[in-house]
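Colleague: Take a look and give me a structure for this.
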Amino acid sequence: MFAAPSIQAVREVALPAARPRQATLSASFSLTGYGLHTGRRVTVTVAPARDDHGIVFRRSFRRARTVDVPALWTFRETQPLCTALRSSEGPLVRTVEHLLAALAAYRIDNALVCLDAEELPIFDGGALPWCQALRASGRTESDTPLRSIRVLRPVEVRQDHRTLRIEPADALHLSGRLELSHFDAMQWSGTITPEVFTQQLAPSRSFGRAKWAIPAKIYGTLLRKPLLRGANLSSTACIVGGRIIGGMTVPDEPVRHRMLDLVGDLALAGRPILGRIEAAHTGHELNHALVAALMKDPAAWELV
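Modeller: Predicted coordinates for the structure are as follows:
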């Protein structure tokens, strides 16, 4: 498994007799779709991997060249409106958060994700296609113990009116709040399990206001920049005024999607996180700031 440097400095705690085991997929699956930002067609194959492999993305190029990039916070690169990872060899993998969220929720610890383009498919803007494929492929546990990150003390990051705080807990529990103009305040709270994630978070779609998205899409298309070139009414929840065109897939859909993204961004810690998170108006940048702040403070967590 590719390991973040700071993990080495943290003491390991003896595990109880009944302890979780590492897991991977029982069988490979492949899905094809189009990237939200590049607009390009891509085929993704998610395959089982050995113990301690972690989640690794493998981009394929011409002449059988491949480049690997691990799903770890130290490889994350800032890109507009998505979570992206940059390989030490240069290539980028974009919009990884929805698949990472589904893998984390379904407790898949080891997998090799192969793709033939830069960006993972957006599908309908949510994570249900990934959940359905994971459920169909099955899950296989090994005999190797799973180490999780248990939060020992609060860690908080802020950015203007946005706040994100994590506190000790025995499972990953999220509470999110979001206020958008022309909408009532939106909230969601729950403990992340496969069932909760699939039913309450995975159907929620990436969203944006038409008055901002349309100019950005035109800009990206004209200048051939990877910015919303694949966005349309089938791949995003489009906001006009105080409504979403076609309605919401789930109540308070925007805040639920922010929680979906948060689950995926937290996965870049490299191990499951046991903690209670309070999120107000969070987004990718704040999510990654919290992961970095937590991982850089060895006194704030331990491996169990």
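
Colleague: now the helices: where do they sit in this protein?
Modeller: Here the chain has its helices, by DSSP state H, at 97-105, 128-137, 194-196, 210-222, 253-266, 284-295.

Colleague: want to throw those helices into CSV with mean pLDDT and distance to T78?
Modeller: All C-beta spots, glycine's among them, are computed from the backbone N, C-alpha and C. Below are these laid out as CSV (pLDDT from 0 to 100; distance: least, Cβ to Cβ, whole Å):
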stretch, mean pLDDT, distance to T78
helix 97-105, 98, 13
helix 128-137, 98, 24
helix 194-196, 98, 30
helix 210-222, 91, 16
helix 253-266, 98, 12
helix 284-295, 98, 7
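
Colleague: Of those helices, flag the one that's most buried.
Modeller: Scoring the helices of the chain by mean neighbour count under mean count of other Cβ atoms under 10 Å gives helix 97-105 as the most buried, with a mean of 27.

Colleague: what does it contact?
Modeller: Applying Cβ atoms under 8 Å, 6 or more residues apart in numbering, the contact partners of helix 97-105 are 44, 46, 55, 71, 82-83, 111, 113, 120, 122, 126-127, 130-131, 134, 192-194, 196-198, 201-202, 260-261, 263-268, 272, 284.

Colleague: before we move on, what about stretch 121-131?
Modeller: By Cβ under 8 Å, 6+ apart, stretch 121-131 touches 31-36, 42, 44, 95, 98-99, 101-103, 105-106, 194, 197-198, 201-207, 230, 234-237, 249, 257, 260.

Colleague: list the helices and strands the least confident helix or strand in the chain by mean pLDDT packs on?
Modeller: Taking mean pLDDT, DSSP states H and E as the measure, helix 210-222 is the helix or strand of the chain with the lowest mean score, a mean of 91. Packing contacts for helix 210-222, counted by 3 or more Cβ pairs under 8 Å, 6 or more residues apart in numbering; DSSP states H and E, involve strand 237-240.

Colleague: What average pLDDT does the strand it packs on get?
Modeller: Strand 237-240 shows a mean pLDDT of 97.

Colleague: export that strand as PDB, just CAs?
Modeller: Extracted C-alpha coordinates of strand 237-240, given in PDB (Å, rounded to 0.1, in the frame of the first residue of the first chain):
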ATOM      1  CA  ALA A 237     -28.500  19.200 -11.000                       C
ATOM      2  CA  CYS A 238     -29.000  22.600 -12.700                       C
ATOM      3  CA  ILE A 239     -30.200  25.400 -10.400                       C
ATOM      4  CA  VAL A 240     -32.200  28.300 -11.700                       C
END
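
Colleague: by contact count, what packs against that strand?
Modeller: strand 207-209, helix 210-222, helix 253-266.

Colleague: Turn those into CSV, columns for distance to S60.
Modeller: Output for the helices and strands packed on strand 237-240, formatted as CSV (distance: least, Cβ to Cβ, whole Å):
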stretch, distance to S60
strand 207-209, 31
helix 210-222, 24
helix 253-266, 23
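
Colleague: Only the C-alpha atoms, please, for stretch 199-208, written as PDB.
Modeller: Output of stretch 199-208 as PDB, limited to C-alpha atoms (Å, rounded to 0.1, in the frame of the first residue of the first chain):
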ATOM      1  CA  GLN A 199     -30.100   5.300  -0.200                       C
ATOM      2  CA  GLN A 200     -29.400   8.800   1.200                       C
ATOM      3  CA  LEU A 201     -26.200  10.200  -0.400                       C
ATOM      4  CA  ALA A 202     -25.400   8.300  -3.600                       C
ATOM      5  CA  PRO A 203     -28.500   9.600  -5.600                       C
ATOM      6  CA  SER A 204     -27.600  13.200  -5.000                       C
ATOM      7  CA  ARG A 205     -26.000  14.900  -8.000                       C
ATOM      8  CA  SER A 206     -23.300  17.400  -8.600                       C
ATOM      9  CA  PHE A 207     -25.000  20.800  -8.800                       C
ATOM     10  CA  GLY A 208     -24.500  24.300 -10.000                       C
END
